[in-house]
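I'll drop the sequence and a predicted model, then ask my questions.
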Amino acid sequence: MPTIYFPLQQFLDEGLAVAVATIIATKGSVPRGVGTKMIVHPYGQHVGTVGGGCGEADVIRAALDVLTDGQPRTVIVDLTDAVSMQSLGVCGGVAHVFVERLVADGDQRTRVLPAVLASLDRRESVALVTAVAGDGGYGGQVGCHWVIWRDATRPPVGDLELGELAGRVQGDAQRALDERRHAVVQHATATGNVTLFIEVQAQPPHLIIAGAGHIAVPLAAMAHLCDFAVSVLDDRVQFANRQRFPTADHVLTGPFQQELRRLRNGSPTFDANTYVVLVTRGHQYDVECLLEILDDPVAYIGMIGSQRRIRAVYDLLEHEQGIAAAKFDRICAPVGIDIGAQTPAEIGVCIMAEIINVLRGGPAIALSEQIRRERVARYERVDGSNVA
């Protein structure tokens, strides 16, 4: 989640005019992704980066021009030069960077910022719609904004006047919010054409760590660095406390099932934005947690443990609790991506890597999937029925 909005508000409160650069589209390999933002400060106190190097230097030069003339523009950063000792940009891609000036003059344009900041504070999803190009009747809208809420009944905030397109653009923003991804949309009418960048500020993913032992400490810290909301729970107060987890959003002490239920009751649901990792000290606690969350539509359930411990958990759930074995397929156990991790911090890295892999739809093969494939291959070799 971009953090430049908070220093941006501070600069505006100080009466400064600053330029904001936003990557609105990319093609090929580029250093930073769509939605990345940077504040270009008139005296060089820039915040953030859109990739560094000569490409960023081009953006800064354009931003200084925008600060002078007030005219927003799109800078094309081309990093497709042939590789040589003289070439400066060889990533192989192209980025389109929209640059605009913001100044604390009390108009509608700067009033969208408090609305975005309020949504970030409340951890609610919101879309910032910016007109990045337009002609005809929409030429004067370039650089204007709307804040569109996840709750479609709330009216937009801002100065983007789209007339007959208003309803269609609100629908575009709602779809982008549903998909949790930025979007560029174009609309044409008899009075002109407009291109809009929809920047989605999605509710941060929520990582729930059941078990506050040695692995949980680095895992919680890494998740915080990766912009997750973090909840840690354990039934031992000497482990589940603020001293051990200073950056966690919630630290809960009590029986595992009870505290998981408390978390659920404090939020709309355990949904596709929720990730759960079981790093408890015993298989009986894993059973308790899984009884509570196994049917929730969470994005991810990971469970630490040896294959013997995992098998014991599944047997208890199936034979003593009557849970169908097919439900265990969604559990990533053993948890993590195999990087040969040994220390608690290294294990935390391999768990966080798997979570990010799920979040981003990455190509890495989880340890649990790797073991499953090896088991299937062994059965095929022994049985021979599936061997070509």
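Arrived safely.

quick check, residue 275 in a strand?
Yes: according to DSSP: H, G, I helix; E, B strand; the rest coil, residue 275 belongs to a strand.

Tell me how many other residues crowd it.
Using other Cβ atoms under 10 Å, residue 275 is surrounded by 25 other residues. Placement of C-beta: from N, CA and C, glycine included.

any low-confidence regions in the stretch 51-200 of the chain?
Applying pLDDT under 70 to the stretch 51-200 of the chain flags residues 81-92, 105-110.

looking at the sheet around residue 40, what are its partners?
Beta-bridge partners recorded for residue 40 (DSSP bridges): residue 19.

all helices for the stretch 1-150 of the chain, in order.
Secondary structure of the stretch 1-150 of the chain by DSSP state H, counting those that start in this stretch: the helices cover 5-13, 53-69, 108-121.

any chance of the ones you listed in JSON lines, with mean neighbour count and distance to residue 242 too?
Listed next are the helices of the stretch 1-150 of the chain as JSON lines, based on neighbours: other Cβ atoms under 10 Å; distance: least, Cβ to Cβ, whole Å:
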{"stretch": "helix 5-13", "mean neighbour count": "16", "distance to residue 242": "23"}
{"stretch": "helix 53-69", "mean neighbour count": "17", "distance to residue 242": "39"}
{"stretch": "helix 108-121", "mean neighbour count": "16", "distance to residue 242": "21"}
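
Any chance of the ones you listed in TSV with distance to residue 362 as columns?
Compiled in TSV, the helices of the stretch 1-150 of the chain are given as follows (distance: least, Cβ to Cβ, whole Å):
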stretch	distance to residue 362
helix 5-13	27
helix 53-69	25
helix 108-121	26
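
Residue 52: neighbouring residues, count only.
Counted with other Cβ under 10 Å, the neighbours of residue 52 add up to 10.

Would you confirm that it contacts residue 31?
Yes: look at residue 52 against residue 31 with Cβ atoms under 8 Å: they come within range, at 6.4 Å.

just to revisit the earlier point, residue 234 is nearest to which of the helices of the stretch 1-150 of the chain?
Smallest distance to residue 234 across those (Cβ to Cβ): 27.8 Å, for helix 108-121.

For residue 356, which of the helices of the stretch 1-150 of the chain is the nearest?
Across the helices of the stretch 1-150 of the chain, closest to residue 356 is helix 108-121 (Cβ to Cβ), at 21.0 Å.

Show me what the closest one packs onto, helices and strands only.
Applying 3 or more Cβ pairs under 8 Å, 6 or more residues apart in numbering; DSSP states H and E, one finds that helix 108-121 makes contact with helix 5-13, strand 94-103, strand 126-134, strand 145-149, strand 157-158, strand 192-201.

now with 6 Å?
Contact partners of helix 108-121 among helices and strands, from 3 or more Cβ pairs under 6 Å, 6 or more residues apart in numbering; DSSP states H and E: helix 5-13, strand 145-149, strand 157-158.

what mean pLDDT does the first one have?
When pLDDT is averaged over helix 5-13, the result is 90.

Put the alpha carbons of that helix into CSV.
Only the C-alpha atoms of helix 5-13 are listed here, as CSV (Å, rounded to 0.1, in the frame of the first residue of the first chain):
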residue,chain,number,x,y,z
TYR,A,5,0.0,10.0,1.1
PHE,A,6,1.0,10.8,4.7
PRO,A,7,4.1,12.8,3.8
LEU,A,8,2.1,14.4,0.9
GLN,A,9,-0.4,15.7,3.4
GLN,A,10,2.4,17.0,5.5
PHE,A,11,3.9,18.9,2.6
LEU,A,12,0.6,20.4,1.7
ASP,A,13,0.0,21.4,5.3
